[in-house]
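1. let me see the structure of the following:
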Amino acid sequence: QILNAFSQVYSYRWDEAIRHQPDNALAMRRSCFLMALLQERKLATSSLNWHLEPEDETDEAQQDVVNELTRIVKRTPQLQKVLMCLLEAIWYGRYAVQWAYNYQQIGGEEHLAVSDWRPLNGDKIQYRYWYPDSNTAQDDGTPVILVHASLTPELPGAETVYTDRGRGLLLRTPYWRERFCIHKHEVDDADYFNGEMAGAVHGIGVRSRIYWFEWLKQELLEWITTYMQRTGLGLTIFFYDQSNPKARDEAEKAARRQAKDTVIVWPRPLGTEGQGPGVERIETTTAGSEFLFRMLQEYFETHEERYIVGQSLSAGTEGSGLGGTGVARMHADTKYRITKFDASNLGETLTGSEKEPGLLSTLQRWNFPDADFQVRWVFDVDKPNAKEQLEAAVSVFNMGIPMDANEVRGIAGYSAPEEGAEVASRQQMIEHQASLEQEQQGQGEKVAPGPSGSKWEDYQGPRGGKGFVHKETGRKRYATKRPGGGAEKPKGV
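-> Below you'll find the predicted structure:
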């Protein structure tokens with residue numbers, strides 16, 4: 001704690017597993033059952049469709065930036081693996097991806113894009129805090145990444161601090177901070193008398209929440225294993241004549257030949273009741289082990305599954321009795337809400353902000369410096385009762401009530417079409433049908449498009465951004481080509 005007060009860095013003991021026994025934290029990571037639940041939860045979000053949204057969807061200039069940023073983001077290698085890595089924060093409480101950028105030709109223009117990336121384990125991330133009578137007020141909440149002390153001189157412009165686990169790289173400057181996208185799960189304020197866990201205010205995960213519950217489960221599993229090892233296959237008792245020392249040696253030799261069976265060597269006196277040397281087999285009941293094993297499955301594992309993925313029917317089947325469908329719907333709704341939270345949380349991380357840069361905020365700042373609006377990353381979360389909602393949407397549409405097209409696409413599991421993509425719509429079908437009818441009646445006329453003068457001229461923003469501005473309205477656009485046709489936008493955006 002003295003070291004933490006000196007460097008103003010939260011302790012690494014903000015997680016219950018790490019705080020109690022780091023080896024147990026690693027053992028939990030090796031649990032197939034827990035990792036299967038984590039994988040199920042991560043895949044529910046990482047496999048979703050996504051799109052980018054501007055602040056004003058009716059502004060053509062903002063929509064141009066969204067279209068360009070979508071192309072740039074899709075150049076990120078193994079993008080779904082990036083999402084899977086960031087979602088590891090569900091387990092650790094925090095997790096990060098380290099970016100490598102370079103300039104690439106995208107859509108005929110040179111743009112800054114991600115060329116490579118590496119995952120960063122959440123246990124390597126700590127945070128700095130502000131302390132009275134110190135000069136670290138500006139560093140409150142600044143991430144610290146554990147690094148090898150011998151390599152810190154080779155890091156350009158690196159500023160390091162000491163933590164309670166070694167040297168850490170302070171992500172104070174934009175040069176370093178924009179190279180890391182840090183995702184946090186839940187945040188929690190530790191108990192006043194449990195100060196070493198105060199770092200949970202910057203992210204705490206499922207591992208910490210279920211640690212003591214998992215610890216009890218492992219204790220129970222040890223009891224089951226010990227019981228089965230000692231008495232599960234029954235008992236064999238070798239009796240020997242207590243008055244004969246050699247008989248004991250012979251009985252012990254016979255007992256060792258019984259492999260893994262539990263064997264007891266016991267002296268017994270000679271008598272008129274047939275006592276003395278002999279072998280007796282006692283079969284044990286499995287009722288005790290079955291009870292413990294059923295408790296392990298029905299109590300511990302069911303509660304862990306319920307907490308992590310929101311339902312306990314993933315690996316089983318639902319009963320067909322009264323209320324069965326209602327239970328399934330309730331579990332599906334809970335899982336949907338968990339997925340919606342994970343998707344919204346990850347979308348905010350990828351969107352980023354000035355204090356906590358994300359992938360979008362960094363790419364927007366470098367490629368479109370004059371775009372003074374925020375572009376958001378949005379996941380299209382699948383609804384559990386999509387069929388019913390689509391039927392309701394059709395009814396509302398037929399009543400003439402306007403609807404959000406992106407919301408309807410999200411229910412159906414489709415994303416918005418990209419610029420230049422072939423689009424299929426109801427209006428196109430109506431127009432095509434009308435055209436066919438006119439041609440059949442001899443009324444169809446083909447009109448060749450005539451040349452039109454462009455009302456757009458080149459524009460360069462105060463930060464060096466280039467685009468086009470409308471001569472009459474003054475509207476700015478960041479399109480790659482001149483709106484309405486004409487020369488392409490000057491390169492060097």
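2. in contact with the closest residue to Ile125 other than its chain neighbours, which residues?
-> Closest residue to Ile125 apart from its sequence neighbours, by Cβ to Cβ, 6 or more residues apart in numbering: Arg94 at 5.1 Å. Every C-beta, even on glycine, is put in place using the N, C-alpha and C of the backbone. Arg94 makes contact with 122, 125, 182-185, 202-203, 205, according to Cβ atoms under 8 Å, 6 or more residues apart in numbering.
3. any idea how far Gln104 is from Pro77?
-> From Pro77 over to Gln104 the distance is 11 Å, taken as Cβ to Cβ, to the nearest Å.
4. what is in contact with those two at once?
-> Ser115.
5. please enumerate the helices of the stretch 101-250 of the chain.
-> Along the stretch 101-250 of the chain, the segments classed as helices by DSSP state H, counting those that start in this stretch run 174-177, 206-209, 211-231, 245-256.
6. which residue is nearest the middle of this protein?
-> Central residue of the chain (Cα atoms, centre = their mean): Leu87, 1.5 Å from the mean position.
7. quickly list what the residue nearest to Ile125 is bridged to.
-> The residues paired with Arg94 through beta bridges, assigned by DSSP bridges, are Lys184.
8. so which residues of the stretch 51-200 of the chain form strands?
-> 94-106, 109-120, 125-127, 143-146, 160-163, 166-170, 180-184 (DSSP state E, counting those that start in this stretch).
9. list the neighbouring strands of the third one plus their orientation.
-> Think strand 125-127. Strand 125-127 is paired, per DSSP bridges, with strand 143-146 (antiparallel).
10. try the second one
-> Taking DSSP bridges as the criterion, strand 109-120 forms sheet pairs with strand 94-106 (antiparallel).
11. may I see the buried residues of the strand it pairs with?
-> 94-97, 99, 101, 106 (16 or more other Cβ atoms under 10 Å).
12. among those, which one has the lowest pLDDT?
-> Sorting the buried residues of strand 94-106 by pLDDT puts Ile106 at the bottom of the list (91).
13. for it, which residues are in contact?
-> For Ile106, the residues meeting the contact criterion (Cβ under 8 Å, 6+ apart) are 68, 71-72, 75, 113.
14. any of those residues buried? List them.
-> Using 16+ other Cβ under 10 Å, the buried ones in the contacts of Ile106 are 68, 71-72, 113.
15. can you list which of these are found in helices?
-> Within the buried ones among the contacts of Ile106, membership in helices is found for 68, 71-72, as judged by DSSP state H.
16. before we move on, back to that, tell me which of the helices of the stretch 101-250 of the chain sits most buried.
-> Between the helices of the stretch 101-250 of the chain, the one whose residues have the most neighbours on average, counting mean count of other Cβ atoms under 10 Å, is helix 206-209 (a mean of 23).
17. now that helix: mean pLDDT?
-> Across helix 206-209, the average pLDDT comes to 96.
18. equivalent analysis for stretch 53-70, please.
-> Mean pLDDT, taken over the full extent of stretch 53-70, equals 92.
19. what comes up buried for stretch 356-369?
-> When burial is assessed from 16+ other Cβ under 10 Å, stretch 356-369 yields the following buried residues: 356-368.
20. which one of those is nearest to Glu348?
-> Each of the buried residues of stretch 356-369 was checked against Glu348 using Cβ to Cβ; the closest is Gly358, at 7.8 Å.
21. for that closest one, list the residues it contacts.
-> With contacts taken as Cβ under 8 Å, 6+ apart, Gly358 has the following neighbours: 181, 348-352, 377.
22. repeat the analysis, applying 10 Å as the threshold.
-> Shown in contact with Gly358 (Cβ atoms under 10 Å, 6 or more residues apart in numbering): 178, 181-183, 346-352, 364, 376-377.
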